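In: take a look and give me a structure for this.
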Amino acid sequence: MKTVTLLFVTTLGLAGCGNVGHDFQRPQAALGTQWLQADGPHFTALQATAAEQRWWDSFGDATLSSLVQRAASSNLAVQAAASRLEQSRAARGVAGAAQAPSLSANGAYSRARNSGQGLIDASGLNGQSAYNLWQTNLDASWELDLWGRVRREVEAADARTGVAQEQQRGVLLAVMAETARDYIELRGAQQTLAITERLLAIARRTQELSRIRRQLGAGTDLDIAEAAAHVATIEARLPPLQQHETRLVNAISLLLALPPQALQTELAAAGKIPFVAMPVQLGVPGELAERRPDIRAAEAQLHAATAAIGVAQGDFYPRITLSGSVGLQTMQLSDIGWDAKSFAFGPGFSLPLFDGGRLRGSLLLREAQQQEAAIAYRQTVLAAWHEVEDALSAYQAQERRQASLDEAVRQGRRALQGAELQYQQGSVDLMHVLQVQNALLANEAALVDSRAAASLSLVAVYKALGGGWEVVN
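Out: Predicted coordinates:
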């Protein structure tokens with residue numbers, strides 16, 4: 001008894017003396033000190049505050065803000081990611097249970113008869129008759145985590161929970177950005193549709209004018225045919241634009257987990273293309289590692305892979321378990337009492353001696369996985385940096401394009417007024433008027449596309465910066 005007690009006390013003293021493997025060190029994100037494409041007054045290096053992280057509100061469109069908020073709460077992909085997070089937390093609870101002792105109770109009754117020719121019959125009946133056996137036990141066991149193997153398993157489970165959490169945030173951010181993109185595209189499509197319908201009215205007026213001129217003898221049948229062809233050409237542009245509008249409404253409905261056309265009434269009235277008038281708070285590149293869910297997830301994945309190495313190393317060491325059992329055993333139910341007690345307790349250990357290289361192979365596998373996770377982290381950081389710079393560059397390009405298109409549209413409208421007046425006076429032919437109309441239609445459509453693209457690039461900037469999940473998660 002003294003020997004067992006001494007072993008127990010010594011074992012408890014050794015427990016927790018250290019952890020196998022290496023403690024995780026946060027990797028340094030190799031990011032620059034400033035953005036290369038952030039020239040101009042529309043961007044600032046200030047870090048976004050909590051209010052500014054609600055980037056969808058900065059567009060100044062109440063419908064957009066409402067749609068983003070509703071998508072964040074009802075989107076099915078977000079809900080599925082949240083479910084995966086709960087699964088990960090449950091798995092962490094399973095891993096953490098290994099740190100605590102296990103306790104179980106069991107009982108049994110059996111009617112049996114032993115052989116009179118076999119080994120000693122413990123029943124004392126020498127196999128002459130059957131007997132009853134009543135027994136109940138309370139069993140306890142606890143693996144002493146001397147080397148920290150179980151602690152590394154819990155550490156890895158915590159890190160995997162972190163991965164699931166960041167992935168859920170990443171899905172949330174992607175859904176919010178996709179909702180904003182579809183809404184901006186919808187407003188752009190509606191404006192393009194309105195421009196086309198307005199120019200169609202102008203073309204029909206020109207067609208009517210060509211008929212009047214023909215009746216007055218100032219026009220020709222060719223003018224009438226050309227005008228009719230021009231009207232038909234513009235009319236042919238309407239169905240694809242209407243179908244595009246319908247598809248975008250359905251896309252937003254899907255993001256909000258609604259049936260097709262559920263938002264048709266709400267989104268039917270055309271509105272302006274949302275645009276951010278205030279400077280965008282970019283912060284500095286080094287802050288990406290703290291804000292972007294994919295970088296945070298890659299870091300957590302690296303943490304889990306590092307802890308898994310410690311688990312694999314711990315398998316090389318002995319496992320020491322304390323176990324005990326207290327119970328009652330009797331052949332008659334009426335005899336159950338203190339004299340029917342039974343107990344057993346003591347330590348046990350297991351030590352791998354030969355496994356054909358299985359443990360060594362497992363350790364090499366974990367080390368290779370940790371190396372892959374480290375490379376994946378670097379790749380994620382680099383891709384994030386590129387994504388921000390590309391989004392900033394796209395906005396700068398659209399801003400320059402929009403300035404040129406603004407001037408083209410202004411001059412095109414003046415040209416159309418002059419061409420229509422000259423056609424009425426007979427100084428130019430109808431073909432010239434139609435060419436001017438086509439040019440104006442193309443430039444106005446391009447201007448709408450540029451405005452939408454500029455706003456879309458701002459959404460891409462916000463998404464690339466990784467903000468927004470903090471205030472809705």
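In: looking at this, N19 is in a strand?
Out: No: counting by DSSP: H, G, I helix; E, B strand; the rest coil, N19 is not found in a strand; it is coil.
In: for it, give its distance to G188.
Out: To G188, N19 is 57 Å away according to C-beta to C-beta, to the nearest Å. Just so you know, the C-beta spots here come from the backbone N, C-alpha and C atoms, and that holds for glycine as well.
In: try F24
Out: 47 Å.
In: those two: which is more packed in?
Out: G188 (23 against 18; other C-beta atoms under 10 Å).
In: list phi and psi for the more buried one.
Out: Torsion angles at G188 (phi, psi; degrees, to the nearest 10) stand at phi -60, psi -40.
In: do T136 as well
Out: Dihedral pair for T136: phi -150, psi 150, per degrees, to the nearest 10.
In: I'd like to know how many residues surround it.
Out: When counting by other C-beta under 10 Å, one arrives at 17 neighbours for T136.
In: that one and G107 touch, don't they?
Out: Yes: assessed by C-beta atoms under 8 Å, T136 is found in contact with G107 at 3.9 Å.
In: and N75, what are its phi and psi?
Out: Taking degrees, to the nearest 10 as the convention, N75 sits at phi -60, psi 140.
In: then F275?
Out: Main-chain torsions, F275, degrees, to the nearest 10: phi -150, psi 150.
In: how about it: what's its closest non-neighbour residue?
Out: S455 (5.3 Å; C-beta to C-beta, 6 or more residues apart in numbering).
In: contact partners for the one you found?
Out: 59, 184, 273-276 (C-beta atoms under 8 Å, 6 or more residues apart in numbering).
In: which is the next helix or strand following the lowest-mean-pLDDT helix or strand in the chain?
Out: The helix or strand of the chain with the poorest confidence is helix 2-14; it has a mean of 44 (mean pLDDT, DSSP states H and E). Downstream of helix 2-14, the next assigned helix or strand under DSSP states H and E is strand 43-44.
In: and whatever helix or strand comes next after that next one, how far from the chain's centre?
Out: For strand 43-44, the following helix or strand on the C-terminal side (DSSP H and E) is helix 62-74. Centroid separation for helix 62-74 versus its chain: 17 Å, with C-alpha atoms, centre = their mean, to the nearest Å.
In: same question for stretch 277-286.
Out: Using C-alpha atoms, centre = their mean, the offset of stretch 277-286 from its chain centre is 22 Å.
In: which of the residues in that stretch are buried?
Out: Within stretch 277-286, the residues that qualify as buried by neighbour count (16 or more other C-beta atoms under 10 Å) are 280-283, 285.
In: next, the distance between the ends of that stretch.
Out: 26 Å (C-alpha to C-alpha, to the nearest Å).
In: go on, stretch 41-55?
Out: 18 Å.
In: and stretch 89-108, by the same measure?
Out: One end of stretch 89-108 sits 36 Å from the other (C-alpha to C-alpha).
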